[in-house]
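1. 3D model of this:
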Amino acid sequence: MIAIDTLDELISIFQRALCIREGQADVGDIGGGHGKGYFMVRDSIFGMLDKIYRAGMGWAIIAHTCTKTVKIGNDEKQVSGLAMSNSYMRTVFQKCEHMLFVEHGIQTTKGPDEVKIVGGKRISKPGKMTTSKVRKLKTRPGGLWQGGDTNDVKVRVPLHEEYVLPKLGGWDFLDSAYKEAVGRLIKGE
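-> Here you go, the predicted structure:
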């Protein structure tokens, strides 16, 4: 598995390399403008990822998220989305098995019930509710298993839609969650 941290930085690296190779100061000026340089960078990045995939290795891309405003009818709604252009987002979606997002959230947990003996009687009191800030890993199926632009992937590893990430050891947690999901797939669960 190859992990790229982050797509934003990878795009910058490929843009700088293309500008140097083409002798231009800005990627927007390459090929006479009109966005041709940006398409060349996108195609180079995903060509590289396709070669990794065809070599039998998996890949993961980390991307920053941001709040975006979307219009639904006459209403506007704030949603969390990937901090990249729609062109890159569509291409990432088409080429991946899973989209993974990390969001900050709140988790409420109930503590143990309190039991006291008063006057020979057992009195039980519900445990206290506590809240804590957590990082939630959310998963969505990508285009590969949905038949996006290839039919190489026949089944999807059944990751849960949401996991609460530990404060430390997130990659180890994800590795364990993935192996557990593969186990469920093999067993037909």
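2. could you pull out the strands for this protein?
-> Applying DSSP state E to the chain gives strands spanning 2-5, 59-62, 65-72, 75-82, 98-110, 114-118, 121-125, 129-141, 162-165.
3. just those strands: most buried one?
-> For those, the largest average neighbour count (mean count of other C-beta atoms under 10 Å) is found in strand 59-62, namely a mean of 16. Heads up, the C-betas are built off the backbone N, CA and C, glycines and all.
4. tell me the pLDDT at the nearest residue to Pro141 once chain neighbours are set aside?
-> Sequence neighbours aside, Arg156 is the residue nearest to Pro141 in space, at 5.8 Å (criterion: C-beta to C-beta, 6 or more residues apart in numbering). What the model reports for Arg156 is a pLDDT of 71.
5. how near is Arg156 to Lys136?
-> 20 Å (C-beta to C-beta, to the nearest Å).
6. hey, least reliable of the strands of the chain by pLDDT?
-> In terms of average pLDDT, strand 59-62 trails the rest of the strands of the chain, at a mean of 76.
7. who are the neighbours in contact with Leu159?
-> Counting by C-beta atoms under 8 Å, 6 or more residues apart in numbering, Leu159 makes contact with His98, Thr139, Ala177, Tyr178, Ala181.
8. which pair in those residues spans the largest distance?
-> Spatial extent of those (C-beta to C-beta) is set by the pair His98 and Ala177 at 11.0 Å.
9. Centroid-nearest residue for the chain?
-> When C-alpha atoms, centre = their mean is applied to the chain, the residue found nearest the centroid is Leu100 (2.0 Å).
10. So in terms of bridging, what pairs with that one?
-> The partner list for Leu100 in beta bridges (DSSP bridges) reads Thr139.
11. Confirm for me that it is in contact with Ile61.
-> No: with contact defined as C-beta atoms under 8 Å, Leu100 does not reach Ile61; the gap is 9.1 Å.
12. hang on, the earlier thing: I'd say the residue nearest to Pro141 and Met99 touch.
-> No: using C-beta under 8 Å, Arg156 and Met99 do not qualify as a contacting pair, with a distance of 11.9 Å.
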